[in-house]
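*Asks:* 3D, please:
(one chain, ligands or ions: 1)
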Amino acid sequence: MSNLETAPDIAVRGGTSEVAANPVREIFAGKEVTLGGDTVVRRLLPNLGRRMVGPWCFIDHYGPDDISARAGMAVPPHPHIGLQTVSWLLDGEVHHRDSIGSDQLIRPGELGLMTAGAGIAHAEHSPVAHPALLHGVQLWVALPEASRATAPAWQHHSRLPRLDIAGLSATVILGDVEGERSPGKTFAPIVGLDVTLPPGGGGRLPLEAEFEYAALVMSGGMEADGVALAPGSMLYLGCGRNDLRLASDAGARVLVLGGQPFEERIVMWWNFVARSGDEIAAAREDWMAGDRFGEVSDAGARTPAPALPSGTLKPRGRVRDQ
Ligand code: MN
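*Replies:* Here you go, the predicted model:
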């Protein structure tokens, strides 16, 4: 997925000053944003109130949309640095291609995990012949300083571990819970779970007290920690919880995303996560010059980078808030 804003701002994110150290309950509805083709997404993160949840720094939820008479997703080649992208589907199929030669159809329940590291380009399209419904999320994970220049990589996992406990079950997308560990490569303490609540179901999902969490309702009405949530809304939960009470009358799917609060300050612009405005400008220049990122074969014309905003952010190093 690409950030297709025509005039994106440069924004400084991360640092523990924004983290709720104790349990909180903040509801976010998401903001509608149009992506490539005719795909409209709800952007849950960043939002006006929250910029990150652990290392998760970008959450787009799309669908369920009936695309039977449409092209569906059409995101042409675009670059990334300093992050991982997580593609996760509840319905439909997405064709991923990237500049290190990956060519992969992603189906519901399969993890598509791209580590951009020093730089990669990719494209995401609905296949020409596709299922009627498209429903999923695109998530970004900020890479910590020690790993952010790593070589670009692509992982696809069609089998992921399941957690089955009283009243609910979950697929472990990233990280681990109760000894069930995802094969997806991670670089910072993080967890991503797709929780299924059967009709009339509910239970207590184990959490890590030092992690920061949010819950994004994908489908069905449900309650999290006693807060009623509609599909497409996200509840920010803060830190300091040993478990999370989930319940649904009619059945629901909810993504639970968490991780250790990300202490480094990051600089986000367009599809880049960096530490300074200069790094962002250099990545933009390389993309426009055809350097660094390579080419995505047969996936359409490259997406030109937007203009940098005036008054580019001054370089700044790692800042650790106390
Ligand atoms: Mn992308």
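*Asks:* so Arg284, which state does it fall into?
*Replies:* Counting by DSSP: H, G, I helix; E, B strand; the rest coil, the backbone at Arg284 sits in helix.
*Asks:* next up, the contacts around the nearest residue in space to it that is not next to it in sequence.
*Replies:* Leaving aside its chain neighbours, Arg284 sits nearest to Ala305 (4.7 Å; criterion: CB to CB, 6 or more residues apart in numbering). Quick note: C-beta positions are derived from backbone N, CA and C, even for glycine. Ala305 sits next to Pro79, Trp270, Arg284, Trp287, Met288 when contact means CB atoms under 8 Å, 6 or more residues apart in numbering.
*Asks:* confidence score at the first one?
*Replies:* Think Pro79. With respect to pLDDT, Pro79 scores 98.
*Asks:* do the third one as well
*Replies:* For Arg284, the pLDDT comes out at 98.
*Asks:* hang on, it packs against Asn271?
*Replies:* No. Contact criterion CB atoms under 8 Å: Arg284 and Asn271 do not qualify, at 9.8 Å.
*Asks:* tally of neighbours for Gly221?
*Replies:* Gly221: 14 surrounding residues under other CB atoms under 10 Å.
*Asks:* look up how far Lys31 lies from it.
*Replies:* Using CB to CB, to the nearest Å, we find Gly221 at a distance of 21 Å from Lys31.
*Asks:* same question for Ser87.
*Replies:* 21 Å.
*Asks:* out of these two, which sits in the more crowded spot?
*Replies:* Ser87 (21 against 12).
*Asks:* wait, a helix at the more buried one?
*Replies:* No. Counting by three-state DSSP, one finds Ser87 to be strand, located in no helix.
*Asks:* which residues sit in contact with it?
*Replies:* Ser87 sits next to Met1, Val94, His96, Ile106, Leu111, Gly112, Leu113, Met114, Glu124, Gly136, Val137, Gln138 when contact means CB under 8 Å, 6+ apart.
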